[in-house]
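> Got a predicted structure here, sequence first:
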Amino acid sequence: MKKRIISLLACGALAITALASAAGCSGQDDSIKLTVWGAEAQQATLLEMAEKFKAANPDKKYNISVGVCGEGDAYMNVSKDPSAAADVYGYSNDQLINLIRCGGVAQIGGSYLEQIKSDNTEESVESGTLDGKVYGYPYAADNGYFMYYDKSVLTEEDVSTLEGIISVCESKNKKIGWAIDDSWYTAGWFFTFGCTYSVEYNDDYSEKKVDCTFNGEGGIKASKAMAMLTSSGAFAGKGTNNDTIISGFGTGALAVAVTGTWNADAIKEKLGQNYGVCKLPTVTVDGETKQLSSFKGYKLFGVNPHSANLAEAHKLAAFLSGEEMQKERFLKHGVGPSNKVAAAMDEVKANPAIAAVTEQNRYAVEQSSVPSNFWNPVKAYGGYIIDKLIDQTTYQEYLNKMTEQIKSSISA
Amino acid sequence: MVDLEYLKMSAPQKFVYRTKAFFKRLPRSIASFFAALPKKLYGCLMAFLSVFTNIGSAAKNGTWRTRISFVAMGTGLIALKQYLRGILYLLFEVLFALYMVFFGWKYLAKLGSLGEVACVEEWDDALGIFTYKFYDNSLLILLYSLMTIFIIVAFIYMWYRNVTGCYECEKVREAGLKLTGTKEELRSYTDRNYHKTLLSVPMLGIVVFTVLPIFFMIFIAFTNYDKAHMPPKELFSWVGAENFVNVLGGGISANSKVFAYTFREVLLWTVVWAFFATFTNYILGMVVAILINKKGVRCKKLYRTVLVMTIAVPQFVSLMLMSQLLADQGLLNNLMISWGWIDKPIPFLTDGTAAKITIIIVNLWIGIPFSMLICTGILMNIPEDLYESARIDGAGPVTAYMKITLPYMLHVTTPYLITQFIGNLNNFNVIFLLTGGEPLSLEMQYAGKTDLLITWLYKLTVNESQYGLASVIGIFTFIVVAVFSLIFYNRSKSVKNEEELM
Amino acid sequence: MEGKKLRSKKGSERLKLAIIHIVLTLICLIWLVPFFILIIQSFRGETGMSTNYFFPKQWTIDNYVKLFTKTKFLKWYANTLIVALAVTVLQTLIVLMTGYALSRLRFKMRKPLMNVMLILGMFPGFLSMTAVYFVLKEINLTQNIFGLILVYAAGSAMQYYICKGFFDTIPKSLDEAARIDGADRHTVFIKIILPLAKPIIIYTILTAFIAPWGEYMFSSFIMLGDPDKFTVAVGMKQWLDKESVNEYFTVFCAAAVVVSIPVTALFIWLQKYYVEGVTGGSVKG
C-alpha cells in the first residue's frame, strides 16, 4: 500500500514537473512583445485591431497579446506591480491621478501629443492632463450616463420631469432603476444643486487641501430630491447595476433606467421598438426646478513607463486611439468617439444613445481630480437615503459627516 | 465551589461554570503568561551568553584547525577528515560571500534611507517620447534587506556551528575516541537526526513565504507607504510610530478619531461574528449528526453524502451565487415580488442588522456539513451502555443529551472549537463574497457594517493602498488572536495530556 | 394493558422516526437548492441574472458550447488541474513529514515550533501578499504556474495539525516494538506508520486538491493580467464583474457545474476516508 502511494506520489510529481515546464517555457524569438489590457466585452475587437496594427507596420515583427482589465479597474491592477502590467491599457480618467502616483502611466510629448491634440476634442485631451502634462490617448467620450425608457409606458413628455416619471410608473406598477447607492450616480444629484469639490495637490501629487460643499444648502435639496425618488413605490431598490437593468427591461419590470452607452445594444435588443433614450429629467425641490446633473468622463489609453518597448507601446496606443479604430469601436460596440472626425460621422450623429449622452454632458461635471476619499462616503450617504435611515431633520448632521470624511483623506 | 457541587450541576450549567471560570481566570492566565516571560527571557539570555563562552573556549583551547575555521569555514573539519560537513560549510561560506557582494549589500546599504532617487523622467528627442529610468524602489530595498538580514543570521549560526563543531571533534580525538565517519553521519539523518531531514524543507518554505513576509509587514507599519508614496514612482520613508498613534485615535486630525472608532466597531463585530458562527455551526451540526445517527434512520449514507457535497463545491461559486440570489433585485426578491408576497424587496444583504443575520445563516449552509462530519465520528464512540443506564434511570432523550452527549462532545472537541473560532475571526471568504462588507457606514472609514478586520484590511490595502495603516491593524489583530489562542491551547486538556492519552 | 402500552410506544417511536426522516429530507433539499439553481441556470437561453422567473423560458446547451469554444475556460481548467495535482503531491508529502516529526520525534525545539506554526497560521495572509509576490519575482516565478504551486505548497506545513492529531492516536507500542527489532526512525515512518495512515493521507489529498479550485486572492495577484495563466477561480470571477455579469452569468453557472462535478465525485467516492481522517485527527491536539 505505502509503496504504491509513494510511487504514485513520485510519478505524479514527475509528470507535473514535465507538464508545467512544458507549459511554462515558450520558444524565444526576436519579435517585439506588447501587451494590451482592455474591457472583457472588447477582447475580440482588440485582437482584430492588433492584427491591423501589425498589417500597418509590416517592417517589424510584433507579438501582441491581449488581457482583461476593465477601464475602471486599471489602477487596482496596474498598481500591484507596474513593471508587470500591460504596455498599453485603457483607463477611465478619474483614475489618472492614482496612476500617476504609482508610476503606472507615461507622459506623452512630441508628435504623438500634437496628433492627439489636433484629432480629439479639447475636453477629452484635457481629461488626461494634469499640471499641463498629458498622460493619455483619448478614445471614448461617452463615459457618462443618461436615461433609457420604455416608450410603451412613458411618453417623451413624461420623461422630461422626475415627478412625471414617478407618477406614471407608480400608476402603471413599473419600476425605476437608478443607482442612488452608487456614488458615480449619486454625485450628480449634488452637482444639480450647486455642490462642488476641489483638490489642491502637493508636488508629489499627495493631497494638500480638499474642499467640498456637499453639506451646504444644495446638499439638503439634493437629499430631498433623492428621497422623493427612493421613497416612491416605483423605485427599484438598492443594487441597480448593468445586469438588473438589462434583465429588468427584459422582463418588463423596469420602465426607466439610468446608465451609460455600454448597455445601449443590450437594452435595444430587449425593448425593440419601444427603445427610448433621453437626457436626465428635471427635478423640482422647494418650488425650484433644476435639470439633473451627472458625472462625465473619458476613456484613454495609457502607456506603461516600465514597458520594455516604450516607443512601440506609444505607437500602438496612438494607433488604437486613432480615427479609424474609434470609428470601428463605435460601429462594433457603440462607443462614442472622442476623435473629431469620427464623432462627426453620420452614423454617430444618428445614434440616439450618443445623442442623449452628448445632450446630458452639457449639464455634467467633469470627473477629474476627485478627492481620494470621495466614493465611499457618498455611496454610504446614498444608501442611508434609500434605507430611510435619515430624514429632513437629520440630513444636515449626516451631510456634515460625509463632507468631513471627503475632506480628510487619511494620508498626506 | 467544591467539587461535589460541581458534579451535581447539569451539563449546560457545568459548561457555563467552566466558561465563566475560564474568563475569570483569563486575566490571571494572561498575567502568568507575561509573568513567565522574564524567566523565559532570562533562559534565552543565558543560552545566548553561553554562545560566547563556547566561542571563547574554542578560540583559547582549540588547535590551528579550529582557529582556521574562524576564517575559512569547514577547513578545520576537512583537516579532521570530516569531509561531508567540511565541504558543505565551505560551500555555504562561498555562496554567502557571493550573495552579499552581488545582491545583499546594495540593498542593505540603503535600508536606513529606503532610497534616494526613485524615478527620472527624460525627453528623448530621437524616439520622440518621454523615457523613464527607475532607480531606488523602497519596497524592494526593505524586502531584500530583510532577506539579507535573515541570511546573515543564518550565516552567523552556521559559522558558530562550524567553530564549535570543529572544536568538539578535536576534543573527541584528543580523548582518543574515533570520530563518526561520513557514512555514519549520513545514517543519523534517518534516525537520530531524522527530524532535521523531515522538517528542513517544510521549514524553509515557511521561513521564506510566511515568516519573511510577516516581518516585512511589521516593518511597513513604521513607514508612510500609502497612495502618495507608491514605489516605484515615489519613495516611502520611516515615520516611527505615527501610524500606531493614528489607529489608536491619538492623531491630530479628526479623521484619526473616525479611524479609531472604525477599528473598535469592526473588532467588536469580528468577535461577535466568530462566536455565533462557531457555535451555531457546532450545535446545529451536532443535532443533524444525532438525527442521522439515530437507530432506525434509513439512507444514512445518502443524507451524509448530500451534505458533504457542499464541501466539494468551491466556496466562491456557492457564495457568489448566494449573494446574487439574495440581492435586493436578485432572483429571490424578484420572485417573491412577482408572486405578490412582498411589495418592497427584503434587504437580506443591504441592511446592517439583516445582513449580519443573513451572513450567519448562510454560513450555516457552509459550516454544518463539516461539524456534522466531526460529530458523527465522535458520536459513534460514545459507549452505548452509558445511554442504556441513563434510560434505566428514567432519563428522556433530552436529559440524556444534556447529561451525556453534550458534555462528552464538548470535552472531546475543544481543540476543534478553538480552531474553528480562530478560523472564523479570519474568515475572509464568507463576508467578502456575500456582502463585501456592505452596507457602508458614514461613521466608519473605508468600512461597512459587516466588515471583519480581515476584509477591512483587504480594502485598506488592495483598494486604498494604505499599507502603513493596514499593517498596524494587522499587527494588533495578530497579537490579540495569538495571545488568546496560545492561552486557550495550552490550557486545553488534550494538549496538556498529550503523552498520557497516547 | 402491557401489550397496548408497548404498541403505542412502538407507534410513537415510528412517528418520531417519520418526523426525523422528513426533517432530514428537508435539510437535504435546502442544501441542494444552490446546486439545483446552478444546473437550471446553466441551461438557460436568456442571458442575465436578475430575472423574476425561475425556470428558463428557453432551454439550451449554448452556454456549455460557448464555455468550451469561445472562452479560455479549458486553458484555465488545465492550469488549475496542474496546480491542484502538484500541490496535492507536495502538500501531502510536507504535511505527512511535519505531522510525523511533531507527533513521534522528540527534539529540543518541538514545542516552540508547534506554537510558532500555530501563531503564524493566524496572520492575515494577504497582508504579506505583496512581499510574497516580490520574493517570487526575484526568482522569476511571477505570472507562472510554478510560482503559484510554490506558494501554496510552502504554507502547507502549517496544516500539520490534523495530521499530527491522527498520528498521535496510533499506539506508540507499535513503534517501540519495531525499534527493538532494530528499525530506525525512517523505517518506522515508512513501514509502520504510513500503512496505518490511509485515512489521513486521503484526507490531506482531498483538502489539498480542492483548495486551488476556490483560491482567488493569491492566484489573481501572481497571475496578474495574463489570461492564459489564470486558474478557474480568477477567470470565472471576472465574469461576475459589473461589466460582464449580464452576458456571462449563465456561462458562469455552466463553468461552475463543470468545475464541481469531478471534485464532487471524488469527494463522494473518498468520503469514508475523509470522515475517518477528520475525526481521527481533529479531536486530538
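Great, that's in hand. Numbering: from 1, shown residues only, chains lettered A, B, ... in the order given.

> right, and the helix or strand after the helix or strand harbouring residue B:200?
Per DSSP states H and E, residue B:200 falls inside helix B:194-206. Per DSSP H and E, the first helix or strand lying C-terminal to helix B:194-206 is helix B:212-220.

> Packing partners of that following helix?
helix B:138-174, helix B:467-491, helix C:129-138 (3 or more C-beta pairs under 8 Å, 6 or more residues apart in numbering or on different chains; DSSP states H and E). All C-beta spots, glycine's among them, are computed from the backbone N, C-alpha and C.

> rewinding a little: can you point out the buried residues in the helix holding residue B:200?
B:194-195, B:197-199, B:201-203, B:205-206 (16 or more other C-beta atoms under 10 Å in any protein chain shown).

> what do you get for stretch A:196-213?
A:197, A:199, A:201, A:205-207, A:210, A:212.

> any residues touching that stretch, and which ones?
A:97, A:100-101, A:130, A:194-195, A:214, A:219, A:369-372, A:374, A:403, A:406-409, A:411-412, B:227-229, B:234 (C-beta atoms under 8 Å, 6 or more residues apart in numbering or on different chains).

> one step back: how about the buried residues of helix B:194-206 in CSV, adding distance to chain C and pLDDT?
Converted to CSV, the buried residues of helix B:194-206 look like this (distance: C-beta to the nearest C-beta, whole Å; pLDDT from 0 to 100):
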residue, distance to chain C, pLDDT
B:194, 4, 90
B:195, 4, 89
B:197, 8, 89
B:198, 4, 91
B:199, 5, 92
B:201, 7, 92
B:202, 4, 93
B:203, 7, 93
B:205, 3, 92
B:206, 6, 92
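
> next one: stretch A:340-360 to chain centre, how far?
18 Å (C-alpha atoms, centre = their mean, to the nearest Å).

> just stretch A:212-230 next, same as before
For stretch A:212-230, the distance to the chain centre is 24 Å (C-alpha atoms, centre = their mean).

> pLDDT averaged over it - what is it?
Averaging pLDDT along stretch A:212-230 yields 94.

> do stretch A:62-76 as well
The average of the pLDDT scores along stretch A:62-76 is 88.

> that older thread, comparing the helices and strands packed on helix B:212-220, which gets the lowest mean pLDDT score?
Of all those, helix B:467-491 carries the lowest average pLDDT, namely a mean of 80.

> hmm, it in reach of chain A?
Yes: on the criterion C-beta under 8 Å from any C-beta of the partner chain, helix B:467-491 is in touch with chain A at residue B:469.

> ok, residues contacting the helix or strand harbouring residue C:116?
Element membership for residue C:116 (DSSP H and E) is helix C:110-120. Surrounding helix C:110-120, the residues in contact under the criterion C-beta under 8 Å, 6+ apart are B:195, B:199, B:206, B:210-211, B:214, B:482, B:485-486, B:489, C:102, C:157-158, C:160-161.

> Any idea how far that helix is from the middle of the chain?
The chain centroid and the centroid of helix C:110-120 are separated by 24 Å under C-alpha atoms, centre = their mean.

> Kindly report the same for stretch C:263-273.
Relative to the centre of its chain, stretch C:263-273 is centred 11 Å away, using C-alpha atoms, centre = their mean.

> Now that stretch: average pLDDT?
Stretch C:263-273 comes out with an average pLDDT of 83.

> now swap in stretch C:47-63 and tell me
Stretch C:47-63 comes out with an average pLDDT of 87.

> can you give me the end-to-end distance of that stretch?
The straight-line separation of the ends of stretch C:47-63 (C-alpha to C-alpha, to the nearest Å) is 9 Å.

> close to chain B, is it?
Yes: residues of stretch C:47-63 contacting chain B under C-beta under 8 Å from any C-beta: C:49-54.

> Include secondary structure and neighbour count when you put these into CSV, please.
Compiled in CSV, the residues of stretch C:47-63 next to chain B are given as follows (DSSP: H, G, I helix; E, B strand; the rest coil; neighbours: other C-beta atoms under 10 Å in any protein chain shown):
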residue, secondary structure, neighbour count
C:49, coil, 26
C:50, coil, 31
C:51, coil, 25
C:52, coil, 20
C:53, coil, 12
C:54, coil, 14
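
> and which of those residues is nearest chain A?
Nearest to chain A among the residues of stretch C:47-63 next to chain B, counting by C-beta to the nearest C-beta, is residue C:50 at 4.3 Å.

> okay, the residue of chain A found nearest chain B: pLDDT?
Per C-beta to the nearest C-beta, the residue of chain A with the smallest distance to chain B is residue A:103, at 2.7 Å. pLDDT for residue A:103: 89.

> again, but for residue C:119
Here the pLDDT value assigned to residue C:119 is 82.

> mind checking how far it is from residue B:39?
Note on residue C:119: its distance to residue B:39, by C-beta to C-beta, to the nearest Å, is 20 Å.

> tell me the contacts of residue 128?
Picked chain A for this. By C-beta under 8 Å, 6+ apart, the neighbours of residue A:128 are A:93, A:96, A:134-138, A:298, A:300.

> Hmm, no, I was thinking of chain C.
By C-beta under 8 Å, 6+ apart, residue C:128 lies in contact with B:210, B:213-214, B:216-217.

> could I get the residues you listed as TSV with pLDDT, neighbour count and distance to residue B:357?
Below are these laid out as TSV (pLDDT from 0 to 100; neighbours: other C-beta atoms under 10 Å in any protein chain shown; distance: C-beta to C-beta, whole Å):
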residue	pLDDT	neighbour count	distance to residue B:357
B:210	90	23	35
B:213	91	23	36
B:214	91	20	35
B:216	92	23	38
B:217	89	23	34
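
> now, among these, which is nearest to residue A:51?
residue B:213 (42.0 Å; C-beta to C-beta).

> tell me the contacts of that closest one?
For residue B:213, the contact set (C-beta under 8 Å, 6+ apart) comprises C:128-129, C:131-132, C:135.

> How about the secondary structure of residue B:132?
When classified by DSSP: H, G, I helix; E, B strand; the rest coil, residue B:132 comes out as strand.
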